[in-house]
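Trainee: just to be clear, the model below is a prediction. Sequence and coordinates:
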There are 2 protein chains.
Amino acid sequence: MNSSPTPCEFCNSPGGPVLWQNDLCRVVRVDEPDYPGFCRVILQRHATEMADLGEGERDGLMAVVFAVEAVVRETMQPHKMNLASLGNMTPHVHWHVVPRFEDDRHFPNPIWAAPRREGGVPPERAKRAEALAAALHERLGS
Amino acid sequence: MNSSPTPCEFCNSPGGPVLWQNDLCRVVRVDEPDYPGFCRVILQRHATEMADLGEGERDGLMAVVFAVEAVVRETMQPHKMNLASLGNMTPHVHWHVVPRFEDDRHFPNPIWAAPRREGGVPPERAKRAEALAAALHERLGS
């Protein structure tokens, strides 16, 4: 019997199509049509806060987060990169890695703010995101 | 003559009362009455993205970010910690370190989303935040 009031989403499901993973963490594609290239880096084991990780685990996770940041930036060529570890709704350590464009739905506000304009993405931008899995494997190994 | 269209806010001002600093970065208190304990860690030099930093600089900055996370958590005893590096409006590397409470203005949404309830903070919570500067110096040295 699970003693927690609700099962943890990221313990019980991948959280999206897995683009890359190792024993420590997985990189998943976020299904958000306004934000092609948006990835999440999810710790494989359950932990609530970055501060709960050991130093080696923390550094290993951040090395992947920053590798994903670099790959998403190179692949998507955004105006700005956004990184965030929030977890208020799903308190299981994960990082949002979001390429931002001046014409995206919320720019320059955070993607969680009220939209500034209608959604819709240039097809060329959505196309670029298709190259992410291969680029991640090239950078991080298989 | 400055060639940039607008001067960089974090190159031209501290960005808030400085609680701690070294040659690499400074920790400032964010003047946000709904969020006592909210700190920003700001890189001293100008750089736009984490991916623009050298590995040593990046690791040094993250060591401070995670130390601030730990100190804010111990001092404020929040329900959850939020970390974010966005910089869409001020593209100068900085990290938001935000203690979140179930009764805060936006919980469980990000602080940048529409508020869920009226503002207002228990006096005891605001009081705790006064201990942050001393706690940061104890953890990070002077």
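Mentor: On my side now, so go ahead.
Trainee: go through the helix or strand hosting A:G60 and flag the buried ones.
Mentor: Using DSSP states H and E, A:G60 falls within helix A:55-76. Of all the residues in helix A:55-76, those buried under the rule 16 or more other CB atoms under 10 Å in any protein chain shown are A:57-58, A:60-73, A:75-76. Just so you know, the C-beta spots here come from the backbone N, C-alpha and C atoms, and that holds for glycine as well.
Trainee: A:H92: what secondary structure?
Mentor: coil (DSSP: H, G, I helix; E, B strand; the rest coil).
Trainee: what about it, neighbour count?
Mentor: 18 (other CB atoms under 10 Å in any protein chain shown).
Trainee: ok, now how distant is it from chain B?
Mentor: Separation of A:H92 from chain B (CB to the nearest CB, to the nearest Å): 11 Å.
Trainee: okay, now the nearest residue to that residue once chain neighbours are set aside: neighbour count?
Mentor: In space, and not counting its chain neighbours, A:H92 is closest to A:F10: 4.1 Å by CB to CB, 6 or more residues apart in numbering or on different chains. The tally of other residues near A:F10 (other CB under 10 Å) stands at 21.
Trainee: who's in contact with A:F10?
Mentor: Taking CB atoms under 8 Å, 6 or more residues apart in numbering or on different chains as the criterion, A:F10 is in contact with A:42-43, A:46, A:90, A:92, A:94.
Trainee: ChimeraX command to pick out the buried ones of the residues you listed?
Mentor: Selecting the buried subset of these in ChimeraX, with 16+ other CB under 10 Å as the burial test, is done by:
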select /A:42,43,90,92,94
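Trainee: what would the contacts of A:F10 look like in CSV with pLDDT?
Mentor: Below are the contacts of A:F10 laid out as CSV (pLDDT from 0 to 100):
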residue, pLDDT
A:I42, 98
A:L43, 98
A:H46, 98
A:T90, 97
A:H92, 98
A:H94, 98
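Trainee: any chance of a markdown table for the contacts of A:F10, columns distance to B:T6?
Mentor: Shown next, in a markdown table, are these (distance: CB to CB, whole Å):
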| residue | distance to B:T6 |
| --- | --- |
| A:I42 | 37 |
| A:L43 | 38 |
| A:H46 | 44 |
| A:T90 | 37 |
| A:H92 | 39 |
| A:H94 | 34 |
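Trainee: going by distance to chain B, which of the contacts of A:F10 wins?
Mentor: Closest approach between the contacts of A:F10 and chain B, by CB to the nearest CB: A:T90, at 9.4 Å.
Trainee: now the closest one: phi and psi?
Mentor: Backbone torsions of A:T90, given as degrees, to the nearest 10, read phi -130, psi 90.
Trainee: flag every residue of chain A that's near chain B.
Mentor: Residues of chain A lying near chain B by CB under 8 Å from any CB of the partner chain: A:48-51, A:58-59, A:62, A:66, A:69-70, A:73, A:80-89, A:91, A:100, A:107-110, A:112-114.
Trainee: please indicate which of those are buried?
Mentor: For these, buried by 16+ other CB under 10 Å: A:49-51, A:58, A:62, A:66, A:69-70, A:73, A:80-88, A:91, A:100, A:107-110, A:112-113.
Trainee: okay, and which of those residues map to strands?
Mentor: A:80-85, A:100 (DSSP state E).
Trainee: which residue is nearest the middle of chain A?
Mentor: In chain A, the C-alpha nearest the mean C-alpha coordinate belongs to A:R40, at 1.8 Å (CA atoms, centre = their mean).
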